[in-house]
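In: Only the shape, not the letters, is given here:
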């Protein structure tokens, strides 16, 4: 697709993922062994797109430091930094000077999806659309804005969250823009595509088309979603050519050390140099590089930041352990507990059920 560029918007601060995002931008968080963004870029490359523009802001230098000019990933990457938040529409307009192609695939950088990008672009071409939206069907659309369409797939409206949604179709955070449409977005100020750009196009009778499917889709905005998305990548439920190993119940990264009698299942990832002690159990766990799980510890559906430690006999279920933090022996953490970086929780069977 030589006439298609890609734009990935990665400027958000990821506040819902703190404390993990205190030291890393959300798209750079380790997910199934590599930065989350690497999985999206692998799908973009597989679709035949070679030129990518990253719209950055928060910790912008971490993106260029890892991905460079893109050549190692089979891509050509440009970087554009937002001096202040511009919203989705403003972020798209901000990268316009770097675009070369007639059509532009645009992605929210915090969505894990499995849709066929080539098919989305084909829908855009066949419909001679000004903008095409990827819509995904979800079992419960009440938590999302809905996007109804007519029998030809043309978008009719953009509706706010409601307890009685008229459709199960929601905005999946992937679009195809005709290049000329991007130039009509106001420059130099915040713009929302959902509240301003798309409704304005409908009012002007522009062709706003939908590509609807039920492919894998997950917003990676919360720790639970990050852990589940990583596990789905490891188990092959979400597609990615960037996975640094075969799909299965566990992914062990380079120099990871797992005791022979430890049980590691549920799509767990054990990061570079991480250690899992004798008799420990991991189920759907995400261990960043250098993390340690002690003997007999039980870690389920949780994420351990870089260098974090869960000591022997501790039990961690549905929790977030920040970089370098220590969970003492026989501690119990449950249901959304977040331990801030370098905090040390004492040993002795203490149970925590709120932020530590």
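Out: Okay, I see it. Fair warning: this is a prediction, and the values are worked out from it, not measured in the lab.
In: Which residue is the nearest non-sequential neighbour of residue 156?
Out: Once flanking residues are discounted, residue 156 sits nearest to residue 148: 4.8 Å by C-beta to C-beta, 6 or more residues apart in numbering. (Each C-beta comes from the backbone N, C-alpha and C, glycine too.)
In: Quick one: residues contacting the one you found.
Out: 155-157, 159, 166-167, 169 (C-beta atoms under 8 Å, 6 or more residues apart in numbering).
In: Any idea which residue is closest to the centre of this structure?
Out: Nearest to the centroid of the C-alpha atoms of the chain, with distances taken as C-alpha atoms, centre = their mean, sits residue 110, at 3.3 Å.
In: So what touches the helix or strand in which residue 64 is found?
Out: Here residue 64, judged by DSSP states H and E, is contained in helix 61-67. Residues from elsewhere that reach helix 61-67 (C-beta under 8 Å, 6+ apart): 10, 24-25, 27-28, 35, 37, 41, 54, 56, 73, 77, 79.
In: pLDDT, distance to residue 174 and secondary structure for those - can I get that in TSV?
Out: As requested, these are exported to TSV (pLDDT from 0 to 100; distance: C-beta to C-beta, whole Å; DSSP: H, G, I helix; E, B strand; the rest coil):
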residue	pLDDT	distance to residue 174	secondary structure
10	92	14	coil
24	89	23	coil
25	90	20	coil
27	94	15	helix
28	94	20	helix
35	95	19	strand
37	96	14	helix
41	96	14	helix
54	96	15	strand
56	92	19	strand
73	93	19	helix
77	97	18	strand
79	96	20	strand
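In: between those residues, which is closest to residue 346?
Out: residue 24 (27.6 Å; C-beta to C-beta).
In: show me what contacts the closest one?
Out: 59, 62.
In: shift numbering so it begins at 419
Out: Got it, first residue is 419 now, which makes that one residue 442.
In: That one and residue 479: what is the separation?
Out: 12 Å (C-beta to C-beta, to the nearest Å).
In: before we move on, the earlier item: using JSON lines, lay out the contacts of helix 479-485 together with distance to residue 732.
Out: Listed next are the contacts of helix 479-485 as JSON lines, based on distance: C-beta to C-beta, whole Å:
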{"residue": "428", "distance to residue 732": "34"}
{"residue": "442", "distance to residue 732": "24"}
{"residue": "443", "distance to residue 732": "29"}
{"residue": "445", "distance to residue 732": "30"}
{"residue": "446", "distance to residue 732": "28"}
{"residue": "453", "distance to residue 732": "28"}
{"residue": "455", "distance to residue 732": "32"}
{"residue": "459", "distance to residue 732": "36"}
{"residue": "472", "distance to residue 732": "38"}
{"residue": "474", "distance to residue 732": "37"}
{"residue": "491", "distance to residue 732": "38"}
{"residue": "495", "distance to residue 732": "41"}
{"residue": "497", "distance to residue 732": "41"}
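In: Who wins on neighbours among the residues you listed?
Out: residue 445 (30 neighbours; other C-beta atoms under 10 Å).
In: I figured that residue was touching residue 456, is that so?
Out: No: with contacts counted by C-beta atoms under 8 Å, residue 445 stays clear of residue 456, the gap being 9.1 Å.
In: rewinding a little: how much space between the residue nearest to residue 574 and residue 577?
Out: Taken as C-beta to C-beta, the span from residue 566 to residue 577 is 7 Å.
In: ok, now residue 718?
Out: Relative to residue 577, and taking C-beta to C-beta, residue 718 is found at 37 Å.
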